[in-house]
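> let me see the structure of the following:
(2 chains)
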Amino acid sequence: MAMRQPIESGAPDNKPFLHPTLLKNYGNWKRHDRPRPGVLHHVAHSGDEVWTVRAGTQRQMDVWTIRKLCDIADTYADGHVRFTIRSNIEFMVADEAKVAPLIDALAAGGFPVGGTGNSVSSIAHTQGWLHCDIPATDASGAVKALMDELYEEFTHEQMPNRVRLSTSCCEINCGGQADIAIIIQHTKPPKINHDLVANVCERPAVVARCPVAAIRPALVNGKPSLEVDEKKCICCGACYPPCPPMQINDPEHSKFAIWVGGKNSNARGKPTFMKMVAAGLPNNPPRWPEVSAIVKKILHTYKDDARSWERMADWIERIGWPRFFEKCELPFTKYLIDDWRGSRASLNASTHIRF
Amino acid sequence: MTKPMHPTPLLDELETGPWPSFVTGLKRLAQDKDYVVDLLGTLETSYRTKKGYWKGGTVGVYGYGGGVIPRFTELKNDDGSPVYPDAAELHTLRVQPPPGMHYTTDVLRKMCDIWERHGTGLIAFHGQSGDIMFQGAKTADVQAAFDEINEMGFDLGGAGPAVRTAMSCVGAARCEQSCYDEARAHHTVINTFTDDIHRPALPYKFKFKFSGCANDCMNSIQRADMAVIGTWRDNMRADEDLARRWFAKHGMNELVNDVVVRCPTKAIRLKEVRDLRSGDGAAHLTTVKVSDTHALEIDNKDCVRCMHCINVMTGALAHGADTGATILIGGKRTLKIGDLMGTVAVPFMRLKTDEDFEQLVDLGRRVIDFFAENALEHERTGEMIERIGLVNFLEGVGIEIDPNMVATPRTNPYVRTDGWDDEVAKIEARKAAG
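Residues are numbered from 1 along each chain as shown, chains lettered A, B, ... in the order given. Purely as a prediction, here's the structure:
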């Protein structure tokens, strides 16, 4: 049987999918406001108006959930939806009278309305145990557990500025930079299954992958394998994807770290990378309570202490790191002083000290 | 009717609480599919043992070298047979979304029907790469699922050392901050590289992301090898009616503390109306009255287009009309030399005409060609630039240097400068040529 040739159409055009009011006013919007949490109201130069209702989803959706969302869109939103980068779904309506019944329908369907403005939006996350080949933990479950606890912060706009969270199930950090990020941190060098290395791994590629040149070829029990200089090893796990017998994931010793202050927006200060502020937290499914407790402590401290429009990074820049650790009741350990390349730029080269 | 469910006491705990539960969704799918019964069994095992059980492999569709993420179970009995045989294979199809992630319910329902027939029925909108993730199909079903998705007008995204699926913000479709047609840029640029998406042959991944303004809702500066971020060159626009309404609602404290003092370059000043300047010396100023006595004065020469004041006073303040994008190159996360922010390669590229968009495509092509020829294996663009220096990259790609590319000039003397006079002469010659 002749195989079907693919149609290399690439990314589809957006125009056929746009809500009619968005299509009509494309590139011609004037302003917006937020009548209530979860609702955006945009006004075009033409005078046209559109209301957007945003709701959280579980991201990994079964077809029945998607069909339920489609039913709601067909009833209230002219059969159009869009998704945000944080897997929230958005329904656009040109008639303000449809906003309230749309919100009711979403609530009845179990979808939280919110995630706009100064709220804690849904968590950008990875695949985890569900599908990834190198995960030290789960992603969807960690997000579900944390968003259950942050539900009120999603459905209200009570934070000083927007708060973006991410989780990642290995140090590659596919979840990305965020105001608060939760990332697995391995604490032990990989355990090597020497019986498998020769058959599974391209050894020079694995050696080249190590950021600290801690891996070298070796003959173990008469078989070609690899060995790790455990004093040099930084436990990053970079060798594991190209060589699964270099087992880095450890049910006991792969811990969670928490990072704060990442900001991609250029608003006010330049974009910032997040900084590690806690580590050593247990990988404790199905609800990871130790992680949630610290995230909530940081969030609530920020909520109480930051001024309006201060993102997490802006707030810490004002109060200083010593007070951040003090207020969040987190220990500042030697592991939080950077020693990677370029690290001197992270030291305090001044007498600027708050007392 | 399917086989009985495996006990899932740990996953069951994720069905409580108010946030939508993916476990409940999986259980609904398991009512019709042995596949998902066994997928739940596998996931429950991971929750119990704290270990992952999927390994990669080689699965694809005819004609393409990438776009499918193969997964085979490692959860085996002593005799090597899978513990959960109905979920021994769990391949994912990465499918490129329309720019801005807009859909009709018609297309979503068709996707659901296809994936219910050929896969688990689990779809992620969207993965961190920006793809629609059709999660979980057996090797034998991947081609048929792809064929039907492809016939709908959708195509696979990137995986491995390839150009990857692009992302763009809602932008011009619904946002007043949009400084260019993000969807057009996304569509035009990424579809130039379909061959590099479908046939991974680069040193490593290469990502494009498109944000309409400096708020960068696509997080392009931290994640994209080439970030296209909207900006403008002329004066900010102001709307006095909306400014007065904003002030009437928010008052002087918020105007001073949330707007004026938060300007990163102190380009905004609060003025009494009687002190406002006009005439030739004020050509670079944007002024707007917030009341009969007070006004904001913005010196557009000092403004860095950060978006903060526009975010606070949307509509009252707005970006200018001479719009386009700043292009930054080399953003990425940690592995292997540490995080790299994208840095300025083109301070301003106008994005209005067909020729402008062709220029953007051409820049992308030159950057990828240079990357393909000069990067080491598994080295991202930003790492390559760190290794060879920005100037070598710019010369290789054919971009003129510009002081907007640096935070500060050099702080050390370790450079050989005997070509200085020639460089000055070249700059003078370029100036003379206009």
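> just the strands in the stretch 201-350 of chain A please.
A:215-220, A:223-228, A:246-247, A:254-260, A:275-281 (DSSP state E, counting those that start in this stretch).
> give me whichever of those strands is most buried.
strand A:254-260 (a mean of 23; mean count of other C-beta atoms under 10 Å in any protein chain shown). Any C-beta I mention is one placed from the backbone N, CA and C, and that applies to glycine too.
> circling back: now render the strands of the stretch 201-350 of chain A as JSON lines, adding distance to residue A:29 and mean pLDDT.
Below are those laid out as JSON lines (distance: least, C-beta to C-beta, whole Å; pLDDT from 0 to 100):
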{"stretch": "strand A:215-220", "distance to residue A:29": "53", "mean pLDDT": "96"}
{"stretch": "strand A:223-228", "distance to residue A:29": "55", "mean pLDDT": "96"}
{"stretch": "strand A:246-247", "distance to residue A:29": "52", "mean pLDDT": "94"}
{"stretch": "strand A:254-260", "distance to residue A:29": "33", "mean pLDDT": "97"}
{"stretch": "strand A:275-281", "distance to residue A:29": "36", "mean pLDDT": "97"}
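> of those strands, which approaches chain B most closely?
Chain B lies closest to strand A:254-260 among the strands of the stretch 201-350 of chain A, at 7.9 Å (C-beta to the nearest C-beta).
> what angle sits between the closest one and strand A:275-281?
150 degrees (axes from the mean of the first three to the mean of the last three C-alpha atoms, to 10 degrees).
> so which elements touch strand A:254-260?
With contacts taken as 3 or more C-beta pairs under 8 Å, 6 or more residues apart in numbering or on different chains; DSSP states H and E, strand A:254-260 sits against strand A:180-186, strand A:275-281, helix A:289-305, helix A:312-319.
> for the stretch 151-300 of chain B, which spans come out with low pLDDT?
Judged by pLDDT under 70, the stretch 151-300 of chain B has no weakly predicted residues.
> hmm, residue A:140 is touching residue A:132, no?
No. In this structure, residue A:140 is not within contact of residue A:132 by C-beta atoms under 8 Å, at 11.0 Å.
> out of the two, which sits in the busier spot?
residue A:140 (27 against 22; other C-beta atoms under 10 Å in any protein chain shown).
> chain B versus the residue nearest the centre of chain A, what's the distance?
In chain A, the residue lying closest to the centroid (C-alpha atoms, centre = their mean) is residue A:166, at 2.1 Å. From residue A:166 across to chain B, the span is 9 Å (C-beta to the nearest C-beta, to the nearest Å).
> format the strands of the stretch 201-350 of chain A as CSV; extra columns: distance to residue B:180.
As requested, the strands of the stretch 201-350 of chain A are arranged in CSV below (distance: least, C-beta to C-beta, whole Å):
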stretch, distance to residue B:180
strand A:215-220, 45
strand A:223-228, 49
strand A:246-247, 45
strand A:254-260, 32
strand A:275-281, 33
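> nearest to residue B:166, out of those strands?
strand A:254-260 (26.4 Å; C-beta to C-beta).
> number of residues surrounding the residue lying closest to residue B:376 once chain neighbours are set aside?
Of all residues not flanking residue B:376 in the chain, residue B:203 sits nearest, at 6.3 Å (C-beta to C-beta, 6 or more residues apart in numbering or on different chains). Neighbourhood size, residue B:203 [other C-beta under 10 Å]: 19.
> which phi and psi values does residue B:203 adopt?
phi -60, psi -40 (degrees, to the nearest 10).
> the one 10 residues further on too?
Torsion angles at residue B:213 (phi, psi; degrees, to the nearest 10) stand at phi -160, psi 180.
> tell me the spacing between it and residue A:90.
18 Å (C-beta to C-beta, to the nearest Å).
> comparing these two, which residue is more hemmed in?
Neighbour totals were compared for residue B:213 and residue A:90, and residue B:213 leads with 30 against 24 (other C-beta under 10 Å).
> excluding its backbone neighbours, what's nearest that one?
Going by C-beta to C-beta, 6+ apart, residue B:213 has residue B:177 as its nearest residue, at 4.2 Å.
> which residues does that neighbour contact?
B:212-213, B:215, B:230, B:307, B:310-311, B:314, B:319 (C-beta atoms under 8 Å, 6 or more residues apart in numbering or on different chains).
> export these to TSV and tack on secondary structure?
As requested, these are exported to TSV (DSSP: H, G, I helix; E, B strand; the rest coil):
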residue	secondary structure
B:212	coil
B:213	coil
B:215	coil
B:230	strand
B:307	coil
B:310	helix
B:311	helix
B:314	strand
B:319	coil
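> okay, the residues you listed in a markdown table with distance to residue A:4 next?
Converted to a markdown table, the contacts of residue B:177 look like this (distance: C-beta to C-beta, whole Å):
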| residue | distance to residue A:4 |
| --- | --- |
| B:212 | 37 |
| B:213 | 42 |
| B:215 | 43 |
| B:230 | 40 |
| B:307 | 47 |
| B:310 | 49 |
| B:311 | 48 |
| B:314 | 49 |
| B:319 | 46 |
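> what's the farthest-apart pair in these?
Longest span within the contacts of residue B:177, C-beta to C-beta: B:230 and B:314, 15.3 Å.
> quick one: contacts for residue 164?
Unless you meant another one, I'm taking chain A. Counted by C-beta under 8 Å, 6+ apart, residue A:164 has contacts A:86, A:121, A:124, A:178-179, A:262.
> hm, I was asking about chain B
B:129-130, B:157-158, B:197, B:205-208.
> how close does it get to residue B:128?
From residue B:164 to residue B:128 the distance is 11 Å (C-beta to C-beta).
> same thing with residue A:83?
Taking C-beta to C-beta, one finds residue A:83 at 13 Å from residue B:128.
> and what of residue B:270?
From residue B:270 to residue B:128 the distance is 42 Å (C-beta to C-beta).
> name the residue in these two with the higher neighbour count.
residue B:128 (23 against 15).
> report pLDDT for residue B:338.
According to the per-residue confidence, residue B:338 scores 85 in pLDDT.
> excluding its backbone neighbours, what's nearest it?
Using C-beta to C-beta, 6+ apart, the nearest residue to residue B:338 is residue A:340, at 5.6 Å.
> and for that neighbour, the neighbour number?
13.
> endpoint to endpoint, stretch B:153-169 covers what distance?
21 Å (C-alpha to C-alpha, to the nearest Å).
> okay, buried residues for that stretch please.
For stretch B:153-169, a neighbour-count test (16 or more other C-beta atoms under 10 Å in any protein chain shown) marks B:154-159, B:161-169 as buried.
> try stretch B:286-296
Buried residues in stretch B:286-296 (16+ other C-beta under 10 Å): B:286-290, B:295-296.
> tell me which two in the residues you listed are the farthest apart.
B:286 and B:290, at 12.9 Å, using C-beta to C-beta across these.
> on the three-state scheme, residue A:354 is what?
coil.
> which one is it nearest to, not counting chain neighbours?
residue A:320 (4.6 Å).
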